[in-house]
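Enquirer: Have a look at this fold, sequence not included:
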């Protein structure tokens with residue numbers, strides 16, 4: 001499908017089919033992810049590739065073996081494979097020797113130089129998505145975790161009721 005734009009954000013859903021051998025047959029699989037562009041005055045400010053289990057799907061396609069959702073070791077290996085692949089892909093434009101920054105969880109790769117920043121972020125909570133974020137360094141980094149929910153708004157206290165007409169003088173409702 002074509003990208004959908006609303007305001008200063010355009011999103012394109014991408015579905016890439018692949019197959020992995022299982023039980024003597026090839027099993028069809030799909031990697032589903034979004035490519036999101038954030039714009040300001042029509043110019044791209046940030047690009048994000050994000051998808052559920054994105055690094056698991058990438059690992060499956062590269063290793064030709066399934067990554068089960070209940071297998072933490074396979075998931076860790078998938079993240080390591082995604083790190084290795086993205087580091088190789090970034091090396092020309094973001095050389096490790098000049099651009100590498102400390103990667104603090106959930107960030108697994110961080111490069112920054114020449115006014116550009118790229119971060120590879122592994123999902124750590126159920127429902128989160130793996131992400132690759134490209135942005136200029138002058139732009140505040142995209143938040144990596146959801147902000148905490150605002151505290152509940154206290155209910156307004158009801159206005160005090162007037163004492164009943166036949167109440168004693170020290171009565172408080």
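Expert: Received the coordinates, thanks. Remember, it's a predicted structure, so these values are computed and weren't measured experimentally.

Enquirer: Would you check the distance separating the helix ranked longest in the chain from the middle of the chain?
Expert: Using DSSP state H to define each element, the chain has its longest helix at helix 72-90. In terms of CA atoms, centre = their mean, to the nearest Å, the centre of helix 72-90 is set 16 Å apart from its chain centre.

Enquirer: which residues are contacting whichever helix or strand comes after it?
Expert: Using DSSP states H and E, the helix or strand that directly follows helix 72-90 along the chain is helix 96-99. Where contact means CB atoms under 8 Å, 6 or more residues apart in numbering, the residues beyond helix 96-99 that reach it are 87, 111, 112, 113, 114. C-beta: built from backbone N, CA, C; applies to glycine.

Enquirer: can you count the residues close to the third one?
Expert: Put plainly, it is residue 112. A total of 17 residues lie near residue 112 under the criterion other CB atoms under 10 Å.

Enquirer: Show me where this structure has its strands.
Expert: 4-6, 9-22, 25-40, 43-51, 107-113, 116-121, 130-136 (DSSP state E).

Enquirer: picking up where we left off before, select from the contacts of helix 96-99 the one having the most neighbours.
Expert: Going by other CB under 10 Å, residue 111 tops those with 23 neighbours.

Enquirer: so who does it touch?
Expert: Residue 111 sits next to 90, 94, 96, 99, 100, 101, 117, 118, 119 when contact means CB under 8 Å, 6+ apart.

Enquirer: Likewise for residue 39?
Expert: Here residue 39 is in contact with 8, 9, 10, 45 (criterion: CB under 8 Å, 6+ apart).

Enquirer: And it, how far from residue 8?
Expert: Using CB to CB, to the nearest Å, residue 39 is found at 5 Å from residue 8.

Enquirer: what do you get for residue 102?
Expert: Per CB to CB, residue 102 is found 31 Å from residue 8.

Enquirer: more crowded one of the two?
Expert: residue 8 (13 against 6).

Enquirer: Let's test this: what are the backbone torsions at that one?
Expert: Main-chain dihedrals, residue 8, degrees, to the nearest 10: phi -100, psi 30.

Enquirer: ok, it touching residue 38?
Expert: Yes. Counting by CB atoms under 8 Å, residue 38 is a contact partner of residue 8 at 6.3 Å.

Enquirer: Endpoint to endpoint, stretch 93-112 covers what distance?
Expert: With CA to CA, to the nearest Å applied, stretch 93-112 spans 10 Å between its terminal residues.

Enquirer: and it, how far from the chain's centre?
Expert: The answer for stretch 93-112 is 17 Å, by CA atoms, centre = their mean.

Enquirer: for that stretch, which positions count as buried?
Expert: By neighbour count on 16 or more other CB atoms under 10 Å, the buried set for stretch 93-112 is 94, 99, 100, 103, 106, 107, 108, 109, 110, 111, 112.
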